[in-house]
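Visitor: sequence and predicted structure are below.
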Amino acid sequence: MAVMEATTAERRAGGIGSLRVLQITDTHLFADLSGQLVGVDTERSYAEVMEKVLGEFWPVDLILATGDLVHDGSESGYRRFKSQFEDLAVRTLVIPGNHDDATIMRRIFSTGRVTWSGSALLGAWQFVMLDSSQLGSAAGHLARSQLQMLEQCLTSYPEHHALVCLHHHPLAIGCDWIDRIAVDNGRELFEILDRHEQVRGVVWGHVHQEFETIRHGVRLLASPSTCVQFRPGQQEFTIDDVPPGFRWLQLYADGRIKTSIIRVDAAQGGVDLDCEGYR
């Protein structure tokens, strides 16, 4: 996929000061507007998250949607997601997760402001969007083509600070059951990142929980889902009762990242805390 250049207006907006970036992840929408995951109405939960975004954190310069957008892989679910974000008139970059149908996504998100694009330039930053999904598997893998694209993007724009995005986590987060379905070749990813000093951060979804660490000066960040949350530090699948949320990032022209997790005011009603897993 080609690098998408920002428009003149977007470059003016992002070229001075900082970029305001929103990451949302694991919305798990359904074709049915009343669809539920582990007892949670995912459409309602996602709407409540976006209500908080629009009411307290708007406007933004860029939105990153890091996978598991639609739980049932339905075309209507993707079209509804795309339409809603197109209406916001903000560049939105999407990537698939293990519950997504990558073939449908590639077709629906091929044009417009809400797109599945290999990378984008905005202000002093480059955003690289990696596909870690594998057909028929909950675990992640970065195909050779994805690793080559990453290398090419970073080599082509060394003067831009880089934020790398994917769905699956590229290293263990201390949650045994979900660490078994992480990216299985994270070492190859980090070998590339280590060669490019402009990389400032890596963000992902999939784990439905907050996580942060630093590796070789690079911020490594996981974010909560807009619906169901997983309890950190567990050996087996365990649902958490904390509210859904999103990640807020302020990206500065000098490469600094300021970030925080923002949650809605209350946990979602009806969540099945005894659930032992889902597909």
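Guide: That came through fine. All values derive from a computational prediction rather than experimental measurement.

Visitor: so what's the backbone phi/psi at Tyr78?
Guide: Dihedral angles phi and psi of Tyr78 (degrees, to the nearest 10) take the values phi -70, psi -40.

Visitor: wait, it sits on Ile108?
Guide: Yes: taking C-beta atoms under 8 Å as the definition, Tyr78 is a contact partner of Ile108 at 4.7 Å. For every residue, glycine as well, the C-beta is placed using N, CA and C.

Visitor: neighbour count winner among those two?
Guide: Between Tyr78 and Ile108, counting by other C-beta atoms under 10 Å, Tyr78 is the more crowded of the two (23 against 20).

Visitor: mind exporting the C-alpha coordinates of stretch 191-198 to CSV?
Guide: Once non-C-alpha atoms are left out, stretch 191-198 reads as follows in CSV (Å, rounded to 0.1, in the frame of the first residue of the first chain):
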residue,chain,number,x,y,z
GLU,A,191,14.8,-5.9,14.6
ILE,A,192,13.4,-3.4,12.0
LEU,A,193,12.4,-0.8,14.6
ASP,A,194,15.8,-0.9,16.2
ARG,A,195,17.4,0.1,12.9
HIS,A,196,15.4,3.3,12.7
GLU,A,197,16.0,5.9,15.4
GLN,A,198,12.9,8.0,14.4
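
Visitor: buried ones in that stretch?
Guide: Across stretch 191-198, burial judged by 16 or more other C-beta atoms under 10 Å covers 192-193, 196, 198.

Visitor: for Ile214, give me phi and psi.
Guide: Note on Ile214: backbone dihedrals following degrees, to the nearest 10 are phi -130, psi 130.

Visitor: give me the pLDDT value at the nearest residue to it once chain neighbours are set aside.
Guide: Counting by C-beta to C-beta, 6 or more residues apart in numbering, Leu220 is the residue found nearest to Ile214 once chain neighbours are left out, at 6.8 Å. Leu220 carries a pLDDT score of 98 in this model.

Visitor: which SSE is Leu220 in?
Guide: Using DSSP states H and E, Leu220 falls within strand 218-222.

Visitor: and if you look at Gln234?
Guide: Using DSSP H and E, Gln234 maps to neither a helix nor a strand.

Visitor: still on that earlier bit, show residues contacting the strand holding Leu220.
Guide: With contacts defined as C-beta atoms under 8 Å, 6 or more residues apart in numbering, strand 218-222 is touched by 169-171, 173, 193, 199-207, 209-214, 247, 257, 259.

Visitor: now with 7 Å, please.
Guide: 169, 171, 173, 193, 199-204, 207, 209-214, 247, 257, 259 (C-beta atoms under 7 Å, 6 or more residues apart in numbering).

Visitor: write the PyMOL selection for whichever of those residues are buried.
Guide: Under the burial definition 16+ other C-beta under 10 Å, those of these that qualify are selected in PyMOL by:
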select buried, resi 169+171+173+193+199+200+201+202+203+204+207+209+210+211+247+257+259
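
Visitor: of the contacts of strand 218-222, which belong to helices?
Guide: Leu193 (DSSP state H).

Visitor: where in this protein is pLDDT low?
Guide: Low-confidence regions of the chain, defined here as pLDDT under 70, cover residues 1-16.

Visitor: tell me, what residue is most central in it?
Guide: Here the mean C-alpha position of the chain is nearest to the C-alpha of Thr66 (C-alpha atoms, centre = their mean), at a distance of 2.2 Å.

Visitor: okay, and the beta partners of that residue?
Guide: Each beta-bridge partner of Thr66 is listed here: Ile95, as defined by DSSP bridges.

Visitor: and it, what does it touch?
Guide: Neighbour list for Thr66: 23, 25, 95, 165, 167, 203-205 [criterion: C-beta under 7 Å, 6+ apart].

Visitor: that one and Ser145, how far apart?
Guide: Applying C-beta to C-beta, to the nearest Å, the value for Thr66 to Ser145 is 19 Å.
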